[in-house]
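Novice: sequence and predicted structure, then a few things I'm wondering about:
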Amino acid sequence: MNAERSGGLKPKHQRLVLVVVALVALVGAGLLAAYALRNQASYFYVPADIAASPPVPGEAIRLGGMVENGSIDTADDGVTVEFVVQDGQARVPVIYAGIVPALFVEGSGVVAEGSMRADGTFVADNLLAKHDENYMPRELEGMSTAELREELQESVAGANE
Amino acid sequence: MHGFANPARFLKIARWLTVPLLVSGLVLSFGAVLWGLTQVPPDRLMGDTVRILFVHVPAAWLGMGGWSAIAIASLVELVWRHPLAAIAARAAAVPGATFTALCLVTGSIWGRPTWGTWWVWDGRLTSMLVLLFLYFGYIALSSSLAREGQPSRIAAIFGLVGAINIPIINRSVVWWNSLHQPPSITMGESSIDPVFLWPLLIATLGFSLLFGGVVLARMRAILADTQAEARLRRKAMQAEEVAR
């Protein structure tokens, strides 16, 4: 800090200190900004957020979470689906009329675009499937090819009955 | 490190390394992608769509790696005034931008069948697009400075400041709810089955070697340009003296 020391500091080290200080300030600013954005920059609300602060009915929002096991119910018209989105803390019933993405299955992630109805049901205009971070071939998902084939034959046989 | 400050010595090594890097990179990339396209079983949920993983993920890593290289070279340039650092940073920008664009395009193609959309403005996708725009800005800035013979310090500062986007891209799927899934590979742990992981790692090695080869080739081209320009200037001066 004092003149004698900075006088003894080589220009190279002076530049190093300067750049490092600037970088630390920059990274700090970036992290603070990212931290401040953590709510605004989220792509969707999870059911717990909806339970904590219910959105205004009719306001366009996105709801994301897991499709609850056994909750998908297709109506008689064939295009209207009802299901429940949950995140382990809260659950929100969703109704959607349209073609669902190929990866839309029970126990998998989903992002629904739409709005809340006054009765607490989420009316979706659009569904996006959310893939998880696991990549696995079909055969290895706790089931051998032979077992899979057996399963398939059983289900075909069941459909024919 | 300053041993390589001598461009003649660097050029000797670079000339020897460029072709082996490019050839081995091409062979490994092509082999790994072919392996991924033909030999790997379909994913349990995504089916055959998973095969784009072997291009998308290495491209994403190298897009981010390219900017990390620019940032490190910029630091070396600013602090140690290493004469080759600025050239290395300039050389890494175009391949880095190419890999970033490749990542965005393959991701979009992958998103349509899996998510049901080409594009969403979530944290991961948006920060990756920002990286591509940063590359464009860096390329425009550094090449215009070089054309006018200006010192490249402003480009180096830009390279360092832009590096703040790299950890944001990396953490975007952890900090914020996003449509993009969280990281599959974290600190020595992988939730990618080995059957997919091996071709992915080999493709990454191949892409990286290609990246290295392209950077060396571009550094040689930039150095050759500089030398040719200096020679022309010298000749023009000599001609002037003779005429006088």
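Specialist: Looks like it came in fine. Numbering: from 1, shown residues only, chains lettered A, B, ... in the order given.
Novice: is whichever strand or helix holds residue B:143 positioned near chain A?
Specialist: Under the criterion of DSSP states H and E, residue B:143 resides in helix B:123-147. Yes - looking at helix B:123-147 against chain A by C-beta under 8 Å from any C-beta of the partner chain, the contacts come from residue B:123. C-beta coordinates here come from the backbone N, C-alpha and C atoms, glycine included.
Novice: in the chain, which spans are strands?
Specialist: All of this refers to chain A. Ranges of strands in chain A, per DSSP state E, are A:61-67, A:73-74, A:80-86, A:91-97, A:109-116, A:122-130.
Novice: sorry, I should have been clearer: chain B.
Specialist: B:185-186, B:189-190.
Novice: quick one: contacts for residue A:75?
Specialist: The contact partners of residue A:75, by C-beta atoms under 8 Å, 6 or more residues apart in numbering or on different chains, come to A:81, A:82.
Novice: and the gap between it and residue A:125?
Specialist: 17 Å (C-beta to C-beta, to the nearest Å).
Novice: does any bit of whichever helix in chain B runs longest sit next to chain A?
Specialist: Criterion DSSP state H: the longest helix present in chain B is helix B:194-243. Yes - counting by C-beta under 8 Å from any C-beta, chain A is contacted by helix B:194-243 at B:195, B:196.
Novice: other SSEs contacting that helix?
Specialist: Packing partners of helix B:194-243 (3 or more C-beta pairs under 8 Å, 6 or more residues apart in numbering or on different chains; DSSP states H and E): helix B:7-38, helix B:53-80, helix B:85-114.
Novice: could you redo those helices as JSON lines and give each row mean pLDDT, distance to chain A and mean neighbour count?
Specialist: Shown next, in JSON lines, are these (pLDDT from 0 to 100; distance: least, C-beta to the nearest C-beta, whole Å; neighbours: other C-beta atoms under 10 Å in any protein chain shown):
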{"stretch": "helix B:7-38", "mean pLDDT": "93", "distance to chain A": "12", "mean neighbour count": "15"}
{"stretch": "helix B:53-80", "mean pLDDT": "95", "distance to chain A": "5", "mean neighbour count": "22"}
{"stretch": "helix B:85-114", "mean pLDDT": "95", "distance to chain A": "5", "mean neighbour count": "21"}
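Novice: with respect to residue A:110, which of those lies nearest?
Specialist: For those, the distance to residue A:110 is smallest for helix B:85-114, at 12.2 Å, taking C-beta to C-beta.
Novice: is chain B within reach of stretch A:109-120?
Specialist: Yes - applying C-beta under 8 Å from any C-beta, one finds stretch A:109-120 touching chain B at A:109, A:111.
Novice: list the buried residues of that stretch.
Specialist: A:109, A:110, A:111, A:112, A:113, A:114, A:115, A:116 (16 or more other C-beta atoms under 10 Å in any protein chain shown).
Novice: let me know the closest of those to chain B.
Specialist: Nearest to chain B, judged by C-beta to the nearest C-beta, of the buried residues of stretch A:109-120 is residue A:111 at 5.7 Å.
Novice: correct me, but that closest one touches residue A:124?
Specialist: No - the criterion here is C-beta atoms under 8 Å, and residue A:111 misses it with residue A:124 at 9.4 Å.
Novice: tell me the spacing between the residue nearest the centre of chain B and residue B:32.
Specialist: Nearest residue to the geometric centre of chain B (C-alpha atoms, centre = their mean): residue B:96, 2.5 Å. According to C-beta to C-beta, residue B:96 and residue B:32 sit 20 Å apart.
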